[in-house]
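Chemist: Sharing a sequence plus its predicted fold:
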Amino acid sequence: MKLIKLKEFGFDALANLYIMSREESVNMLIDTLENIEEVNQLKTFIELSKNKGLNDVAGIINNLNVELETKGGLIVI
């Protein structure tokens, strides 16, 4: 299983999320995920990025992991 560590792509949840609003953190996460080839091509990512106002960081990662797990991958914070 391939682990996709968001911190390696510049998304450091512990350093950033507690000082950001929900909207800012979701936007930052979407921007980070757009740069990860294994993620940005997922059907779930395409749909979530269109409706990012309806989600939070944990929900986005959870939804992506459902699809990504079937392809042998997993996003970790």
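Modeler: The structure has been received and is ready for your questions.

Chemist: pretty sure residue 6 contacts residue 32?
Modeler: Yes: using C-beta atoms under 8 Å, residue 6 and residue 32 qualify as a contacting pair, with a distance of 6.2 Å. The C-beta positions use only the backbone N, C-alpha and C, and glycine is treated the same way.

Chemist: is it true that residue 74 touches residue 65?
Modeler: Yes: the pair residue 74 and residue 65 passes the contact test of C-beta under 8 Å, sitting 5.8 Å apart.

Chemist: Tell me where the model's unsure across the protein.
Modeler: Low-confidence regions of the chain, defined here as pLDDT under 70, cover residues 17, 52-54.

Chemist: List the contacts of the nearest residue to residue 29 once chain neighbours are set aside.
Modeler: With C-beta to C-beta, 6 or more residues apart in numbering as the criterion, residue 29 has its nearest non-adjacent residue at 5.3 Å, and that residue is residue 57. If a contact means C-beta atoms under 8 Å, 6 or more residues apart in numbering, then residue 57 has 13, 17, 22, 25, 26, 29 as its contacts.

Chemist: tally of neighbours for the last one?
Modeler: What it means is residue 29. 27 (other C-beta atoms under 10 Å).

Chemist: Work out for me the element it sits within.
Modeler: Taking DSSP states H and E as the criterion, the element that holds residue 29 is helix 22-33.

Chemist: List the first helix or strand encountered after that helix toward the C-terminus.
Modeler: helix 37-40.

Chemist: one step back: any idea how far the residue nearest to residue 29 lies from residue 72?
Modeler: Applying C-beta to C-beta, to the nearest Å, one obtains 23 Å for the distance of residue 57 from residue 72.

Chemist: ditto for residue 6
Modeler: Going from residue 6 to residue 72 by C-beta to C-beta gives 18 Å.

Chemist: Those two: who's more crowded?
Modeler: residue 6 (19 against 9).
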